[in-house]
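> Predicted model follows, preceded by the sequence.
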Amino acid sequence: MKLFKFLFFISLSLNAQAFTVGEVLKYEINLWKMTVGYSTMSVSGKTVVNGEECLVFETNAVGTPWINRFFKVDDRIKSIWNIQKKLPVYSEKKLQEGFYKRNHSVLFDLNKKTAHWEQNQISGNTDKAGVKRDGAKWVEKEGDFAKLPNEFQDILSAIYFQREYKSEVEVGKSFSIPLFDDLKLTEMKIQILRQEKLEVTINGEEKEINTIVVQPFIKTTGIFRSKGNIYIWISNDEKRMPIKITADLPLAGHVTVILKEVL
């Protein structure tokens, strides 16, 4: 299942009420009008890295029991984010989608502006028919990345970065941000499309929410991956929560991810 990755960055008016430790957002993943999985995104705690306080962000996507019988999905992403510098200091992905398995982690040195990464991945997961190959095995490697930019995010911390700031919506405007994802530095572009009222049921209560619809452009793996257009409805309030996501998935079709619970 593939999810969020969005945002726009306009002004830097601090919004301290956007999220707190312990917040959990629960989503339902629908494909062909059927529920095929669930996802959560949470601020799971605080920690200290190099003497500086950090927040821990986590997200995961799992298939329903009947989906997992023939195609197990368990994608997990974690980001540790320096509160003062507003930059990630650690990021990891653990992906399992059918026979495909890949884990990697990145440790960012914000003073030296470098990163050290490690990865292990199943080699020869499948043949063209999707059947597991004989002799598939874990392959491990590691490396270093030099010259990180002054401002960057990872694929998960970027969501919380945009949530922490208020911004004036200007439909039609586009933005970009440096993104360290999949062991390389890339750029995420975001287009603000429109404002829209969205009818949803959250915590069992029907609501009409004012949203901003944005379209991100990015290539990635795991729960944020899409082969085509991705659209995200973000609440147009101090929370800036992702409410709904639609995307086209490789070999699967059109998926909708919708917020169902806020804890």
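All right, it came through fine.

> From now on I want contacts and neighbour counts done on CA atoms only, so please keep to that.
Will do.

> how far away is residue 218 from residue 245?
Taking Cα to Cα, to the nearest Å as the measure, residue 218 and residue 245 are separated by 14 Å.

> swap in residue 60?
In this structure, residue 60 lies at 15 Å from residue 245, with Cα to Cα as the measure.

> Check residue 55 too.
Distance of residue 55 to residue 245, given as Cα to Cα: 25 Å.

> which stretches of the chain have low pLDDT?
Low-confidence segments of the chain, defined by pLDDT under 70, span residues 1-17, 124-132, 165-168, 219-228, 249-252.

> hang on, the earlier thing: of residue 55 and residue 245, who's got more company?
Looking at residue 55 and residue 245 with other Cα atoms under 10 Å, you find the greater number of neighbours at residue 245, namely 25 against 21.

> which residues does the more buried one bridge with?
Taking DSSP bridges, one obtains residue 232, residue 257 as the residues bridged to residue 245.

> so it touches residue 258, yeah?
Yes - the pair residue 245 and residue 258 passes the contact test of Cα atoms under 8 Å, sitting 6.5 Å apart.

> where along this structure do the helices fall?
Per DSSP state H, the chain has helices spanning 65-68, 157-163. These are given in chain order.

> Could I get those helices in a markdown table, plus columns for distance to residue 30?
Written out in a markdown table, the entries for the helices of the chain read as follows (distance: least, Cα to Cα, whole Å):
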| stretch | distance to residue 30 |
| --- | --- |
| helix 65-68 | 12 |
| helix 157-163 | 22 |
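
> Deepest-packed of the ones you listed, please.
helix 157-163 (a mean of 22; mean count of other Cα atoms under 10 Å).

> Give me the helices and strands touching it, please.
Contact partners of helix 157-163 among helices and strands, from 3 or more Cα pairs under 8 Å, 6 or more residues apart in numbering; DSSP states H and E: strand 74-82.

> contacting residues around residue 257?
With contacts defined as Cα atoms under 8 Å, 6 or more residues apart in numbering, residue 257 is in contact with 3, 27, 28, 29, 30, 244, 245, 246.

> which residue sits closest to the fifth one, ignoring its sequence neighbours?
Just to be clear, that refers to residue 30. Residue nearest to residue 30 in three dimensions, not counting chain neighbours: residue 256, with 5.2 Å by Cα to Cα, 6 or more residues apart in numbering.

> can I assume that neighbour is in contact with residue 244?
Yes - under the criterion of Cα under 8 Å, residue 256 lies in contact with residue 244, with a separation of 7.3 Å.

> Please, where are all the strands along the stretch 101-250 of the chain?
Assigned by DSSP state E, counting those that start in this stretch, the strands in the stretch 101-250 of the chain fall at 114-123, 137-145, 165-166, 174-181, 184-202, 205-217, 230-235, 242-249.

> Can you give me the buried ones in the longest one?
Put plainly, it is strand 184-202. For strand 184-202, the buried set under the neighbour-count rule, 16 or more other Cα atoms under 10 Å, comprises 185-193, 195-196, 198, 200, 202.

> what's it in contact with?
6-8, 145, 148, 169-180, 206-218, 259-262.

> could you redo the strands of the stretch 101-250 of the chain as CSV and give each row distance to residue 21?
Shown next, in CSV, are the strands of the stretch 101-250 of the chain (distance: least, Cα to Cα, whole Å):
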stretch, distance to residue 21
strand 114-123, 26
strand 137-145, 31
strand 165-166, 17
strand 174-181, 24
strand 184-202, 20
strand 205-217, 24
strand 230-235, 19
strand 242-249, 17
